[in-house]
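Enquirer: With the sequence up front, the predicted model follows.
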Amino acid sequence: MVDGQGRHAEVAGGGFAGLAAAAALAQRGWSVTMHEKGAELRALGAGIVMWNNSLKVLDALGMLSVLIPRSMTPPFYETRVQNEIVSQEDFDGLHWRTMTRKDLHQVMVDGAMRLGVEIRVDSEVVAADPSGWIELANGERREADLVVGADGVASKVRESIGFGQKRSRYDDGITRLIVPRNKEKLGPGNWDNVIDFWRFEPRVLRVLYVPCNENDLYIALMAPIADKEGSTVPISLDLWAEHFPHLRPILEPAAKLHGRYDGYQTNVLDTWSAGSVALVGDAGHAMCPALGQGAGCALVNAYTLAQNVSDPAFLTIADALQAWEIEERPYTDRCQSRSAFFADTRSMSKGNQFTDEVLETAKYDPTAKTALGAL
Ligand SMILES: Cc1cc2nc3c(=O)[nH]c(=O)nc-3n(C[C@H](O)[C@H](O)[C@H](O)COP(=O)(O)OP(=O)(O)OC[C@H]3O[C@@H](n4cnc5c(N)ncnc54)[C@H](O)[C@@H]3O)c2cc1C
């Protein structure tokens, strides 16, 4: 392990990207302070799929073993159209796991604290500078060898520096909820599978059914933004149960929850770093959720960022960050554009879409860090 050589990092944002960056830097001997603007640390959203690439990172950070008993690997990713099975994919044994965001976030908070990260809540970063400082909402200015902007899609670190970016929005969006599994009430079928239920007739609606563990089921209900009834929260039980009658036992509890409907969006930046400031996660590369890789790429990029800035071969942090972007960005860019394609075309519904090419990001092992680009 390379020593942080007494260097200090300030990390903006206590989501998955910020936690991964903070933990990976602390593991390499950096002193790290992570700022979360919220009054408490908590995960937004409901459930999440983690693939081999991010599971490798969690393992390298000492977090995976704690997560295993709180998560599961479903036997198949099943795709149905009008409730007819069109494919069942098992990814040839590639490691993937499903879990609640709450569990993943808690495991990462505990892991980051174990590694010595100082966490401050109620601490909003309002600006940053490429020379290596951040400013907090309370007026405090803090210097650092490295600043990590992991403050989400509306990043103030990014906006205050003025990174160029292209933002795209799409036609569809999703309401995400956690409900009890109620497996015994669901009738015949393998309810341990992830099941991607699509309907195109008489209207476009989709239910992504994701078991997370014995008790918790994550459901993501997709409807076009233009569909006022489909995108309303709390969800309309009449609408969803009319089109997915066999899912009524899980839709009934879902209709009692508030949840949130989020439209799909992508942001592609001109560059991921400026001087001593780097952006990771949705601050730098928000993507459509089709491939379940937004947080996965965030973890990978946070981890490899920590590797590069700790590598004595680089004379300056800025050099290390530029090399990091050259090495890592192509994976994220390709994943982002594939995810955008699936969002635009809704062609995940065809089934068997997890080809070798599409699984490139999932197969990547950033912890091996040998010949970059080789899987
Ligand atoms: C419907 C949907 C499904 C998805 N499914 C998956 C999936 O299955 N697998 C996957 O890998 N990815 C998935 N993603 C993507 C994933 O959710 C995101 O990429 C990931 O959560 C981004 O993490 P982040 O830490 O970058 O940002 P965020 O989760 O937005 O976290 C940012 C944090 O920073 C804090 N913050 C914000 N501004 C400031 C500030 N100025 N100062 C201090 N703190 C601040 C926020 O309060 C928050 O805690 C999905 C996304 C969507 C929309």
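Expert: Received it, and whenever you're ready, just let me know what you need.
Enquirer: Asn138 - how many residues pack around it?
Expert: Neighbour count of Asn138, defined by other CB atoms under 10 Å: 9. All C-beta atoms are positioned from the backbone trio N, CA, C, and that covers glycine.
Enquirer: Glu242 too?
Expert: Around Glu242 there are 12 residues (other CB under 10 Å).
Enquirer: Look at it and report its pLDDT.
Expert: Note for Glu242: predicted pLDDT of 97.
Enquirer: Let me see the backbone angles for it.
Expert: phi -70, psi -40 (degrees, to the nearest 10).
Enquirer: in the strand or helix carrying Trp324, what counts as buried?
Expert: Here Trp324, judged by DSSP states H and E, is contained in helix 317-345. Residues of helix 317-345 classed as buried by neighbour count (16 or more other CB atoms under 10 Å): 317-318, 320-325, 327-329, 331-332, 335-336, 338-340, 342-343.
Enquirer: Against which helices or strands is it packed?
Expert: In terms of contacts (3 or more CB pairs under 8 Å, 6 or more residues apart in numbering; DSSP states H and E), helix 317-345 is packed against strand 165-180, strand 261-269, strand 273-274, helix 282-285, helix 294-309, helix 360-363.
Enquirer: I'd like to know which of those is closest to Phe91.
Expert: helix 360-363 (7.6 Å; CB to CB).
Enquirer: who touches that closest one?
Expert: 51-53, 91, 94, 96, 291, 293, 296-297, 331-332, 334-335, 375 (CB atoms under 8 Å, 6 or more residues apart in numbering).
Enquirer: gap between that helix and the chain center?
Expert: Relative to the centre of its chain, helix 360-363 is centred 14 Å away, using CA atoms, centre = their mean, to the nearest Å.
Enquirer: what does stretch 227-239 give?
Expert: Using CA atoms, centre = their mean, the offset of stretch 227-239 from its chain centre is 25 Å.
Enquirer: Ends of that stretch, what's the gap?
Expert: Distance across stretch 227-239, first residue to last, is 11 Å (CA to CA, to the nearest Å).
Enquirer: And the contacts of it?
Expert: Outside stretch 227-239, the residues touching it (CB under 8 Å, 6+ apart) are 173, 175, 177, 203-205, 221, 223-225, 251-252, 254-261.
Enquirer: Give me the buried entries from the residues you listed.
Expert: For those, a burial check counting by 16+ other CB under 10 Å picks out 173, 175, 177, 204-205, 221, 223-224, 251, 254-255, 259, 261.
Enquirer: Point out the least confident one among the residues you listed.
Expert: Lowest confidence among the buried ones among the contacts of stretch 227-239: Gly259, with 84.
Enquirer: which ones are touching the closest residue to the ligand within the stretch 101-250 of the chain?
Expert: Closest contact between the stretch 101-250 of the chain and the ligand, by CB to the nearest ligand atom, is at Gly152 (2.9 Å). For Gly152, the contact set (CB under 8 Å, 6+ apart) comprises 13, 15, 281-283.
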